[in-house]
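Visitor: okay, predicted coordinates and the sequence, questions at the end:
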Amino acid sequence: MTQQPDSSRSSAPRRTGTISAVLLAVVALVGPTTLPASATGPTAERAPASTAFAGGVPATASAQGPVRVSVVDVSHPVAKPGDEVTIRAKVTNTTHAPVTDAVAQMMVDWEALTSRSDIAEWSTADLLDPVRGVPTSQSIPDLAPGASTNVTFTYDPGVQALQGFGARRLAIAVGDATGRLGIARSFLMYDADGLEREPMKLSVLASVTSPPTDPADPSTAEIELARRTADGQRLDGVLRVAEKTDLSLAIDPDVMGVAATSKDEALKEWSKRMLAAARNTATYTLPDHDPDLAALAHANVRTTGSRSFLQAPRTGDWEVPASWSSSLAWPADGIVPDTETVDLAVAADRPNVVVNNGGLAYEGDGTVTGRADVNTPSGTARAVVTDTILTQAFVSATDLSGAETVSSTENGADAAVTTGATTAEGTQRLLAETAAIVSQTPYDPPSLSIVAPRTWTPDAEGASTILKELDGADWVDTTTLNTLLAQDAQEVPRTPLPSHSASKAELGTTEVAELERARDAVVTFSSVATEDSSQIWRPGVARLAAPLAVAQRRDPGLRDLFVRQALRSTTKLTQKSVTVVPRQDINFITDVGKIPVRVRNGLGVDVTITVVLRPDHPRLTVDDRTTETIPAGQEIDVQVPVRAIGSGDVEVTAQVLTPTGAKISDDSSFQVRVRAGWEEVGTWIAAGLVALLFLSGIWRTVRRGRSPYRATREDVEEATGTAAEAPEPAAPAEPAPVASGDTVDSVTVRAE
């Protein structure tokens with residue numbers, strides 16, 4: 001490929017360097033009174049992103065000055081012979097002093113950049129570093145502090161007889177008599193030969209995850225999600241990009257559950273649109289609540305059961321579509337995952353692992369496909385190796401959040417501060433990078449991926465524009481992540497992953513272990529509800545999983561508070577909701593009987609429990625344990641059969657167990673006064689006393705005989721005047737005639 005030099009190339013660098021040195025000397029002598037740059041540096045249209053790159057360089061220009069210059073439009077992102085390119089730039093005075101008599105100049109270097117290192121060197125050049133090309137000048141009106149203006153240039157590639165294929169250095173600089181005040185360094189893409197090239201495959205992955213919320217207040221999750229899905233917010237932007245492009249999605253199913261079951265019509269509508277968009281692209285599920293895999297791995301929490309933190313319940317039991325893949329694991333952003341984390345992902349049946357922040361970097365020259373295999377004790381992980389430079393260029397031009405984007409200072413690395421790029425600058429940078437990649441490997445271009453961080457708040461229009469321009473280029477084919485995962489890993493030297501690397505931002509191993517024990521306690525306790533056990537363990541496990549979310553890394557102090565609250569609520573649930581009611585001492589005066597134990601159910605569901613008594617002396621033995629079902633919100637006496645084989649005081653401990661035999665609450669003790677056989681002896685004594693009283697009554701009656709106060713026959717005759725001797729019988733008298741209608745009185749006489 002032949003490059004055509006221009007006549008100014010040999011002398012321009014030396015002349016510019018001399019002028020720059022003179023201008024710097026003038027500034028040092030005159031001071032800030034003559035230079036508007038005495039104020040702070042430029043203010044970016046998008047908030048600056050703080051990033052550090054492992055084995056790479058920042059993807060946007062580091063040049064700064066008192067005037068911010070941004071390329072906002074390039075009429076032909078890929079220019080071809082005969083095209084006349086119009087370039088528009090925005091000039092902003094970021095100082096507190098006016099800028100007067102300034103001039104803008106546009107310069108295009110004729111040399112095609114076929115190396116990614118050359119592109120990076122140009123993008124990160126300082127304010128006063130030399131610029132090649134024939135300048136085209138244009139005056140700038142006076143700018144008050146904070147004021148902006150636009151300048152427009154027209155460039156005809158045919159004038160300089162550009163040849164070949166590749167990106168050219170494009171600069172728009174603003175200066176005055178004091179020197180250069182600001183510069184925008186971008187690229188002009190030119191394809192002189194129009195040859196057909198094998199396109200490289202490029203995929204972009206974005207997440208659909210929830211912000212950190214208070215697990216004690218589930219309603220806040222819905223409120224925060226509604227805010228994030230509102231027009232112009234993060235999840236609304238992700239949805240709009242997915243609807244227009246091949247953006248691949250990694251979705252937390254719990255987010256969809258919250259949205260689908262919400263009473264907020266706007267939130268429900270968002271969930272329907274997201275489902276529709278997900279059907280048209282490659283969609284992967286993250287573990288519910290997006291737990292921090294590194295924190296779980298470093299605490300050796302490797303449970304993968306149906307109720308583990310990697311299978312935590314989702315809101316509304318929302319059902320994941322069958323077309324979504326559950327094979328993806330995405331460790332926290334800003335770190336290089338270690339092999340322990342990757343091993344946990346493989347063990348959890350998520351072998352496709354995202355590795356970003358420069359992990360598994362290619363140790364040779366050039367660019368290779370972003371797929372690597374990582375061997376772990378649990379199997380082989382299929383790593384998605386993110387291209388750091390492409391990711392930073394894309395995020396810098398599209399992210400509206402102002403948050404840290406690709407990498408972080410968690411591991412102690414110094415962060416290089418870069419300013420956000422415009423959509424046009426992002427487009428030209430990505431076209432330049434991909435053109436350089438294809439130029440290096442024209443017959444077998446690699447497949448690469450861009451992975452936007454979880455905080456990515458996309459400018460939906462800008463991101464869609466960039467992806468459409470990339471897909472429209474002859475050498476790029478934007479596709480889904482499935483294309484990359486379907487490829488085999490190349491046998492190339494890569495920087496190995498660390499075996500163990502705990503981040504300062506992740507939850508400590510002690511706290512994770514406590515949450516895991518609490519999870520076990522909730523699951524075990526939930527068996528008291530038998531068929532309704534899910535009503536207990538689902539909210540309990542979900543609350544314990546919330547502090548483990550990747551989103552909670554942003555505020556470790558608040559996360560620690562959530563951990564303590566979750567542990568306290570678990571203790572209250574498992575040890576205080578079903579309890580033994582304290583009681584007074586019991587008198588037990590029989591050989592065989594039942595001791596009542598009052599149990600209170602403070603839950604909203606019926607519970608089935610088993611009561612066990614444990615005496616501290618063998619004089620009282622327990623025949624059996626008793627199982628009872630206690631209605632919701634009530635308390636009943638559970639009768640436990642016991643047997644006494646001696647007399648004395650016995651301390652008895654009552655325990656409440658789940659149907660599986662696990663102890664529920666703290667032990668409750670009371671004293672039993674055992675008097676074996678006293679009931680039978682007392683009965684015989686009482687019967688004897690009754691018999692004795694009966695016999696005593698008879699004896700007294702017999703012994704005292706007739707009473708002196710009883711009346712005799714003589715007493716009666718004397719009182720009535722009746723003779724003592726009986727009269728002789730008289731002769732029968734003749735009956736007198738009876739008149740009709742008369743009655744006869746009959747007198748009964750008692751014979752002696």
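Guide: Everything's here; your move. Numbering: from 1, shown residues only.

Visitor: distance between the ends of stretch 609-628?
Guide: From its first residue to its last, stretch 609-628 covers 6 Å (Cα to Cα, to the nearest Å).

Visitor: same check, this time on stretch 479-490
Guide: End-to-end distance of stretch 479-490 (Cα to Cα): 20 Å.

Visitor: quick one: mean pLDDT for it?
Guide: What stretch 479-490 shows for mean pLDDT is 95.

Visitor: in it, what's buried?
Guide: Using 16 or more other Cβ atoms under 10 Å as the test for burial, stretch 479-490 gives 479, 480, 481, 483, 484, 485, 489. Placement of C-beta: from N, CA and C, glycine included.

Visitor: quick check: the first one touching residue 201?
Guide: It refers to residue 479. Yes: proximity of residue 479 to residue 201 meets the contact threshold set by Cβ atoms under 8 Å, at 5.2 Å.

Visitor: rewinding a little: so which of the buried residues of stretch 479-490 belong to helices?
Guide: Residues of these located in helices (DSSP state H): 481, 483, 484, 485.

Visitor: which one of the residues you listed is nearest residue 210?
Guide: residue 481 (21.6 Å; Cβ to Cβ).

Visitor: now for that closest one: which residues touch it?
Guide: 203, 205, 248, 282, 284, 384, 449 (Cβ atoms under 8 Å, 6 or more residues apart in numbering).

Visitor: so which helix or strand takes in the residue nearest the centre of the chain?
Guide: Central residue of the chain (Cα atoms, centre = their mean): residue 289, 3.1 Å from the mean position. Counting by DSSP states H and E, there is no helix or strand that carries residue 289.

Visitor: quick check: the nearest residue to residue 243 once chain neighbours are set aside vs residue 229, distance?
Guide: Once flanking residues are discounted, residue 243 sits nearest to residue 277: 4.9 Å by Cβ to Cβ, 6 or more residues apart in numbering. Noted for residue 277: a distance of 13 Å to residue 229, by Cβ to Cβ, to the nearest Å.

Visitor: which neighbours do those two share?
Guide: Jointly contacting residue 277 and residue 229 under the rule Cβ under 8 Å, 6+ apart are residue 239.

Visitor: so for the two, which residue has more residues nearby?
Guide: Taking neighbours as other Cβ atoms under 10 Å, residue 277 and residue 229 compare with residue 229 leading, 26 against 21.

Visitor: which parts of the stretch 1-150 of the chain are strands?
Guide: Secondary structure of the stretch 1-150 of the chain (DSSP state E, counting those that start in this stretch): strands at 49-51, 67-74, 78-79, 85-93, 102-108, 136-140, 148-155.

Visitor: I'd like to know how far residue 629 sits from residue 535.
Guide: For residue 629, the distance to residue 535 - Cβ to Cβ - is 15 Å.

Visitor: so how far is the helix or strand residue 523 falls within off the chain centroid?
Guide: If you go by DSSP H and E, residue 523 is part of helix 509-525. Distance of helix 509-525 from the chain centroid (Cα atoms, centre = their mean, to the nearest Å) equals 17 Å.

Visitor: helices or strands next to it in the packing?
Guide: helix 293-298, helix 534-545, helix 556-576 (3 or more Cβ pairs under 8 Å, 6 or more residues apart in numbering; DSSP states H and E).

Visitor: name the residues that touch the last one?
Guide: Taking Cβ under 8 Å, 6+ apart as the criterion, the residues outside helix 556-576 that touch it are 212, 214-216, 505, 507, 511, 514-515, 518, 521-522, 524-525, 536, 540, 543-544, 546-547, 552-553, 602, 664-666.

Visitor: contacts for the very next helix or strand once past that helix, please.
Guide: Using DSSP H and E, the helix or strand that follows helix 556-576 in sequence is strand 578-580. With Cβ under 8 Å, 6+ apart as the test, strand 578-580 has contacts from 528, 597-603, 607, 609, 611, 630, 654, 656, 664-665, 668.

Visitor: let's see it at 6 Å
Guide: By Cβ atoms under 6 Å, 6 or more residues apart in numbering, the residues outside strand 578-580 that reach it are 599, 600, 601, 607, 654, 664, 665, 668.

Visitor: TSV please, covering the residues you listed and showing secondary structure.
Guide: TSV is the format used below for these (DSSP: H, G, I helix; E, B strand; the rest coil):
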residue	secondary structure
599	strand
600	strand
601	strand
607	strand
654	strand
664	coil
665	coil
668	strand
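
Visitor: of those, which one scores lowest on pLDDT?
Guide: Among the contacts of strand 578-580, residue 665 has the weakest pLDDT, 77.

Visitor: didn't it look like it was pressed against residue 656?
Guide: Yes: using Cβ atoms under 6 Å, residue 665 is in contact with residue 656, at 5.4 Å.

Visitor: hang on, residue 158 in a strand?
Guide: No: applying three-state DSSP, one finds residue 158 to be coil, outside a strand.

Visitor: what about it, distance to residue 192?
Guide: Residue 158 sits at a distance of 10 Å from residue 192 (criterion: Cβ to Cβ).

Visitor: same deal with residue 637?
Guide: With distances taken as Cβ to Cβ, residue 637 is found 95 Å from residue 192.

Visitor: then residue 245?
Guide: 29 Å.

Visitor: now residue 435
Guide: 12 Å.

Visitor: these two - which one has more neighbours?
Guide: Taking other Cβ under 10 Å, residue 435 and residue 192 do not tie; residue 435 has more neighbours (29 against 20).

Visitor: and the pLDDT for the more buried one?
Guide: Residue-level pLDDT assigned to residue 435 equals 96.

Visitor: what's the closest of the ones in helices among the buried residues of stretch 479-490 to residue 643?
Guide: Distance to residue 643 across these (Cβ to Cβ) is lowest for residue 485, with 68.7 Å.

Visitor: now the closest one, nearest residue through space, not along the chain?
Guide: Closest residue to residue 485 apart from its sequence neighbours, by Cβ to Cβ, 6+ apart: residue 352 at 5.6 Å.

Visitor: please report the distance of the one you found from residue 183.
Guide: 42 Å.

Visitor: with neighbour numbers in mind, choose between those two.
Guide: Neighbour count, other Cβ under 10 Å: between residue 352 and residue 183, residue 183 has more, with 25 against 22.
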